[in-house]
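[1] After the sequence you'll find the predicted model.
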Amino acid sequence: MKERLVVIPTYNEIENIETIIRKTFSLPEPFDILIVDDGSPDGTAQRVRDLQEEFPPNGPSLRLNLLERRGKLGLGTAYIDGFKWALSRGYQFLFEMDADFSHNPEDLIKLYHACADEGATRADVAVGSRYIKGVNVVNWPMSRVLMSYFAGVYVRFITGMSIMDPTAGFICYRAEVLEVILHNPIKFVGYAFQIEMKFTCWKYGFRIREVPIIFTDRTKGVSKMSSKIFKEAVFGVLQMKISSFFRHYIPRRETPAKAEESMKAF
């Protein structure tokens, strides 16, 4: 059974892509990888194709996979396309991770066990959180730390969620979560995409658990953050909250009979 797949979107990550792939494959627990490349002009996709020859298939499937898209279509759509690719192939746990080592691949194991281990604390969604235990960010200027932290305060105030790091992009989802929330389109592409995904999970009643990580800013390549992406988050949260008043979320723990009854009532 295909179990764990890490989805890594890329655009001009030639300086990081080989190292992040090798590091992920060196972990003591097995993870497959899907690179979603948006037509990187620096040759990122070709480097992945070269590495595919080095890493043989795990049974009938490749350990290292590549999904190429034409043009820079945005982070959110890259993850959505990656998730749909993975769900169609039967993966049970799907991960979001950046290519630039701001997320430590070793923490994939912690996120996996937060969702996979049986017990009362088992999560449906595990979030690698920079702020659940203080502020764990390395190499960011103070202005960006404050912007990120208070973005979380703002999101919690508007949405009512208690998640300390709602813009986090290092996440493990159980497959059944994505099968539910991707039934309706996710609208945003940047920071707001990360918020919308968590908000939708929360509205459906999935269990979200934050796992402490240390976030380290990239040392190679160029950040994709922009003022446009930040503005989308600020105004998108308000739009998302207002839209939620006109949308009916059937909690995942309802029985089919209750769900049908709820829909009729709505």
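    Sure, I can see it.
[2] ranges for the helices of the stretch 101-250 of the chain?
    For the stretch 101-250 of the chain, the helices defined by DSSP state H, counting those that start in this stretch occupy 108-116, 142-159, 175-181, 191-203, 227-244.
[3] which residues are contacting the fourth one?
    What that stands for is helix 191-203. 74-76, 79, 124-125, 127, 151, 155, 159, 161, 163, 166-169, 171, 177, 181, 184, 186-188, 208, 229-230, 232-233, 236-237, 240, 244, 249 (Cβ atoms under 8 Å, 6 or more residues apart in numbering). Every C-beta, even on glycine, is put in place using the N, C-alpha and C of the backbone.
[4] circling back: need the helices of the stretch 101-250 of the chain in JSON lines (columns: mean pLDDT).
    Below are the helices of the stretch 101-250 of the chain laid out as JSON lines (pLDDT from 0 to 100):
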{"stretch": "helix 108-116", "mean pLDDT": "98"}
{"stretch": "helix 142-159", "mean pLDDT": "89"}
{"stretch": "helix 175-181", "mean pLDDT": "96"}
{"stretch": "helix 191-203", "mean pLDDT": "92"}
{"stretch": "helix 227-244", "mean pLDDT": "76"}
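[5] So which of the ones you listed is the most surrounded?
    Of all the helices of the stretch 101-250 of the chain, helix 191-203 carries the top mean neighbour count, a mean of 24, counting by mean count of other Cβ atoms under 10 Å.
[6] Can you check what angle separates that one from helix 142-159?
    For helix 191-203 against helix 142-159, the angle by axes from the mean of the first three to the mean of the last three Cα atoms, to 10 degrees is 40 degrees.
[7] pull the CA atoms of helix 191-203 into PDB?
    Presented in PDB, the C-alpha positions along helix 191-203 are these (Å, rounded to 0.1, in the frame of the first residue of the first chain):
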ATOM      1  CA  TYR A 191      -0.600  32.600   2.500                       C
ATOM      2  CA  ALA A 192      -4.400  32.700   2.200                       C
ATOM      3  CA  PHE A 193      -4.300  29.300   0.700                       C
ATOM      4  CA  GLN A 194      -2.700  27.900   3.900                       C
ATOM      5  CA  ILE A 195      -5.200  29.700   6.000                       C
ATOM      6  CA  GLU A 196      -8.200  28.500   3.900                       C
ATOM      7  CA  MET A 197      -7.100  24.900   4.000                       C
ATOM      8  CA  LYS A 198      -6.900  24.900   7.800                       C
ATOM      9  CA  PHE A 199     -10.100  26.900   8.200                       C
ATOM     10  CA  THR A 200     -12.000  24.400   6.000                       C
ATOM     11  CA  CYS A 201     -10.600  21.400   7.900                       C
ATOM     12  CA  TRP A 202     -11.600  23.100  11.200                       C
ATOM     13  CA  LYS A 203     -15.200  23.900   9.900                       C
END
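[8] Number the chain from 269, please
    All set: I'll call the first residue 269, so the last point we hit is now helix 459-471.
[9] Below-threshold pLDDT in this protein: ranges please.
    Applying pLDDT under 70 to the chain flags the ranges 269, 326-328, 486-498, 500-501, 521-534.
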